[in-house]
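Trainee: Pasting a predicted model and its sequence here:
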Amino acid sequence: MKQFMDKDFLLSNETAQKLYFDNAADTPILDYHCHINPQEIFEDRQFENITQVWLGGDHYKWRFMRSCGVEERFITGDASDQEKFLKWAECLGKAIGNPLFHWSHLELQKYFGYHGVLNKKTAEEVWELCNKKLAEPSMSVRNLIKQSNVTLICTTDDPVDSLEWHKKIAEDDTFNVQVLPAWRPDKAMNIEKPTFAEYLSALSDASGIQIKTFADLKQALSDRMDFFASMGCSVSDHGLEYVMYSPASDEEIEAIFAKRLSGSEITHEEELKYKTMYMIYLGREYAKRNWVMQLHYGCKRDNNSLRFAKLGPDTGYDCINNYAPSSEMADYLNALIQTDELPKTIIYSLNPNDNQAIGTILGCFQDSTAVAKIQQGSAWWFNDHKTGMEDQMISLANLGNLSGFVGMLTDSRSFLSYTRHDYFRRILCNLIGTWVENGEYPADFDTLSEIVKGICYNNAIRYFGFDLKSQD
């Protein structure tokens, strides 16, 4: 029997262990997509207790606690931080097979030096240990980032954001980790939402352009993209429920836009036409600026209307949308490449059934302008567990270029989530190591080292074109 989560955790053979310890373990982290708060980085927040850093805003943990029958007051309610932690510990002790069990213990090992097991028996001990450790200066937000070996972070930012915290961080010579904005323009796309007109007003204020037409909107977005680019942005991200392709003329879109601004409801067909042309416009703008376009799709959000009314969005009531838009995605990318305006693009689907479809789409649009110009994104959200990561990488290897993969993204609101990169790297090295052990790939450690280091870090630097500061 192997020891619980020892140094060889998830590394089942000697080749996997060699690949991990020689190439992956100490390789830096490039966090090209996350949801952490840049204000907390600038202010170098110090957390008062482990509940604040672990359970505040973590809908992964909230969902599991609800599955264990925990009352909502211990999850998002008015229970004390200690009560919430004790309930979480009780649940975690039974989370067999769930990646939360591994993630939590990796974080306890790395940041708190705790190599035991967290459950209801040890909860009080771990509560005291973690809180004592969190009081140390080494556990401030900036120091957590540094000890995680992170070189660059891309946050997720709305076009109306002033980016004031990014500016302050950039001007602070005492912190050498770059924190760059990433462009997330979903609210200007969601024409069917009741808040659409209100958002356009905010965008008008931010850009200085009064938005009365679709042409005005495009100009306002272009203005804000220029501003984001001046702040170091070179990455966009889109959260799509589904991929649509329903092209329309400029005149049609202007009519749909005017109809919506007048307060009238639009049809679903009109919504699809607007969103299609909106995304085509942005794709072309990204190509002009040499930005990377990330497309996250396949999530049906806020399914529990009762809980949504009480708690709002991003509280753990989302699910996979069973929709495989291979033809629409291919048509969308083709609309951009027809005029040679297809940017580097990363495609993520929340539905693992889309892996093979995405793998075949990639091959239709690759060219010599970049290695793996069109990427399949890493296993995302409901799929960032051992099975999901393996399935995504095996599918990509079967149908595309695994060696050119830009690897793991953090996609988290927690400053302790960087251990997920270690989790991913162990799974990666074990997968490749097993292929070598099985005689499916030669024990060419020069090439294997290049592949592993590339997927862990180097490919992302090349692909996104980041100019990294010195980490000395």
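Mentor: Noted; the coordinates are in hand. Remember, predicted model here, so these are calculated numbers, not experimental data.

Trainee: C-alpha from now on. contacts and neighbour counts both.
Mentor: OK.

Trainee: show me what contacts the residue nearest the centre of the chain?
Mentor: Residue closest to the average C-alpha location in the chain (C-alpha atoms, centre = their mean): residue 411, at 2.9 Å. Neighbour list for residue 411: 33-35, 381 [criterion: C-alpha atoms under 8 Å, 6 or more residues apart in numbering].

Trainee: any idea how far it is from residue 20?
Mentor: With distances taken as C-alpha to C-alpha, to the nearest Å, residue 411 is found 23 Å from residue 20.

Trainee: and the one helix or strand residue 347 maps to, C-alpha only, in PDB?
Mentor: For residue 347, the host element (DSSP states H and E) is strand 345-349. Provided in PDB are the C-alpha atoms of strand 345-349 (Å, rounded to 0.1, in the frame of the first residue of the first chain):
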ATOM      1  CA  THR A 345      -7.800  30.900 -30.400                       C
ATOM      2  CA  ILE A 346      -8.200  28.600 -27.400                       C
ATOM      3  CA  ILE A 347     -11.400  26.500 -27.400                       C
ATOM      4  CA  TYR A 348     -12.800  25.200 -24.100                       C
ATOM      5  CA  SER A 349     -16.000  23.200 -23.800                       C
END
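
Trainee: Whatever helix or strand comes next after that strand packs against which elements?
Mentor: The helix or strand immediately downstream of strand 345-349 is helix 355-364, counting by DSSP H and E. Where contact means 3 or more C-alpha pairs under 8 Å, 6 or more residues apart in numbering; DSSP states H and E, helix 355-364 is packed against helix 326-337, strand 374-376, helix 386-399.

Trainee: how does it look with 10 Å?
Mentor: Contact here means 3 or more C-alpha pairs under 10 Å, 6 or more residues apart in numbering; DSSP states H and E; on that basis helix 355-364 packs against helix 326-337, strand 345-349, strand 374-376, helix 386-399.

Trainee: Identify all contacting residues around that helix.
Mentor: Residues outside helix 355-364 that contact it (C-alpha atoms under 10 Å, 6 or more residues apart in numbering) are 324-327, 329-330, 333-334, 345-349, 372-377, 379, 391-401.

Trainee: Can you give me the buried ones in it?
Mentor: 355-363 (16 or more other C-alpha atoms under 10 Å).

Trainee: of all those, which comes closest to residue 308?
Mentor: The closest of the buried residues of helix 355-364 to residue 308 turns out to be residue 355 (C-alpha to C-alpha; 30.3 Å).

Trainee: Can you give the contact residues for the lowest-mean-pLDDT helix or strand in the chain?
Mentor: In the chain, no helix or strand scores lower on mean pLDDT, DSSP states H and E than strand 299-300, which sits at a mean of 91. For strand 299-300, contacts defined as C-alpha under 10 Å, 6+ apart pick out 239-242, 317-323, 349-351, 381-382.

Trainee: Recalculate using a threshold of 6 Å.
Mentor: Applying C-alpha atoms under 6 Å, 6 or more residues apart in numbering, the contact partners of strand 299-300 are 241, 318-321.

Trainee: Could you export the residues you listed as JSON lines, including secondary structure and distance to residue 429?
Mentor: Output for those, formatted as JSON lines (DSSP: H, G, I helix; E, B strand; the rest coil; distance: C-alpha to C-alpha, whole Å):
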{"residue": "241", "secondary structure": "coil", "distance to residue 429": "33"}
{"residue": "318", "secondary structure": "coil", "distance to residue 429": "31"}
{"residue": "319", "secondary structure": "strand", "distance to residue 429": "30"}
{"residue": "320", "secondary structure": "strand", "distance to residue 429": "28"}
{"residue": "321", "secondary structure": "coil", "distance to residue 429": "31"}
